[in-house]
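Undergrad: Generate a structure from the sequence data that follows.
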Amino acid sequence: SVVYNGRPILDKVSFTVNEGETLGILGESGSGKSTLARALMGIHGVDSGSALLLGRDILNAKGSERLAILRDMQMVFQDPFGSLDPRMTVRQILTEPLKIHKINPEGGVEAFLEKSLTEVGLAKEVLDRYPTEFSGGQRQRIGICRALILNPKLIIADEAVSALDVSVQAQILELLMELKKKRGLSMIFISHDVAVVRQISDRILLLYHGDVVEELPADKLLTDAKHDYTKKLLKAALSLREGK
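TA: Sure, this is the predicted structure:
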């Protein structure tokens, strides 16, 4: 659990993510989605609870043990503009994790960076440019490349497409799904957007005021939802789509 000013931000949140699965976390603003992501990554402290990645304690690990866990668990942030340091070139952004984890890729760093960029649809020419020179979609591709550079087992994508235009959203979602299949990734995909979560997820958790109120297979979300909050979200999403 996470408590802020005496009020639980996260409570009774319990779930598993299977190997190769995309677990969607769906909820409106203020439901605790981003707090959950940041708590798992160690950005936000927790008051109680436990979390395991491949049997290792995520929340209480320190030092080299924590660093080893982070190699297997990386995050794609919501804001492709704010999550990349504007003072660093793409080369510096991508090589920083390699230096921190003391990784020397076979075949050399340059070839490894080129291959990693190709995987996310970018050319090697971007390496010596700065984030401000790219569009939002290109920046998010750089962010995804940075997240994958350590070959993690789990990706946490926190509203990873919400800051992008609809057409670019579709491209980034397709890229994430391709990378998940190719690499056998597990993913926690966090969003307030019903359509986006349905498209990318295998299974969906509904988060409401810090509690998990419902869990459904993605293909059953529209037909089998039982909780009033889930029905309310679906109704709101349908109204927006129909322009009502």
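Undergrad: bridging residues for the nearest residue to Gly27 once chain neighbours are set aside?
TA: Nearest in space to Gly27, with sequence neighbours left out and distances taken as C-beta to C-beta, 6 or more residues apart in numbering, is Leu207 at 3.7 Å. The C-beta positions use only the backbone N, C-alpha and C, and glycine is treated the same way. Assessed by DSSP bridges, Leu207 has beta-bridge partners Val212.
Undergrad: and Leu207, what does it touch?
TA: Contacts for Leu207 (C-beta atoms under 8 Å, 6 or more residues apart in numbering) come out as Val13, Ile25, Leu26, Gly27, Ser31, Gly32, Lys33, Leu36, Val213.
Undergrad: could the residues you listed be laid out in CSV, adding pLDDT, secondary structure and neighbour count?
TA: Formatted as CSV, these follow (pLDDT from 0 to 100; DSSP: H, G, I helix; E, B strand; the rest coil; neighbours: other C-beta atoms under 10 Å):
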residue, pLDDT, secondary structure, neighbour count
Val13, 85, coil, 19
Ile25, 95, strand, 27
Leu26, 94, strand, 29
Gly27, 91, coil, 26
Ser31, 86, coil, 24
Gly32, 86, coil, 22
Lys33, 88, helix, 23
Leu36, 90, helix, 28
Val213, 93, strand, 17
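Undergrad: now those as JSON lines including distance to Ala61?
TA: Formatted as JSON lines, the contacts of Leu207 follow (distance: C-beta to C-beta, whole Å):
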{"residue": "Val13", "distance to Ala61": "19"}
{"residue": "Ile25", "distance to Ala61": "22"}
{"residue": "Leu26", "distance to Ala61": "28"}
{"residue": "Gly27", "distance to Ala61": "27"}
{"residue": "Ser31", "distance to Ala61": "27"}
{"residue": "Gly32", "distance to Ala61": "23"}
{"residue": "Lys33", "distance to Ala61": "23"}
{"residue": "Leu36", "distance to Ala61": "18"}
{"residue": "Val213", "distance to Ala61": "30"}
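Undergrad: of all those, which comes closest to Lys235?
TA: Leu26 (13.9 Å; C-beta to C-beta).
Undergrad: What's opposite that closest one in the beta bridge?
TA: Ser191, Leu206.
Undergrad: shouldn't it be in contact with Val196?
TA: No - under the criterion of C-beta atoms under 8 Å, Leu26 is not in contact with Val196, lying 9.1 Å apart.
Undergrad: Show me which residues of stretch 183-200 are buried.
TA: 185-194, 196-200 (16 or more other C-beta atoms under 10 Å).
Undergrad: Mark which of these are part of strands, please.
TA: Using DSSP state E, the subset of those located in strands is Ser186, Met187, Ile188, Phe189, Ile190, Ser191.
Undergrad: who's in contact with stretch 215-231?
TA: Residues contacting stretch 215-231 (C-beta under 8 Å, 6+ apart): 15, 24, 194, 197-198, 201-206, 208, 213-214, 234.
Undergrad: tell me the mean pLDDT for that stretch?
TA: Stretch 215-231 carries an average pLDDT of 94.
Undergrad: Can you show me the strands along this protein?
TA: Going by DSSP E, the chain shows strands at 2-4, 7-10, 22-26, 52-53, 56-57, 73-76, 154-158, 186-191, 203-208, 211-217.
Undergrad: who's in contact with Thr22?
TA: So Thr22 contacts Lys180, Ser186, Met187, Ile188, Phe189, Ile200, Ser201, Asp202, Arg203 (C-beta under 8 Å, 6+ apart).
Undergrad: I figured the first one hits Glu174, correct?
TA: Spelled out, it's Lys180. No - Lys180 is beyond contact range of Glu174, at 10.8 Å (criterion: C-beta under 8 Å).
Undergrad: biggest helix in the chain by residues?
TA: Counting residues, the longest helix found in the chain (DSSP state H) is helix 166-183.
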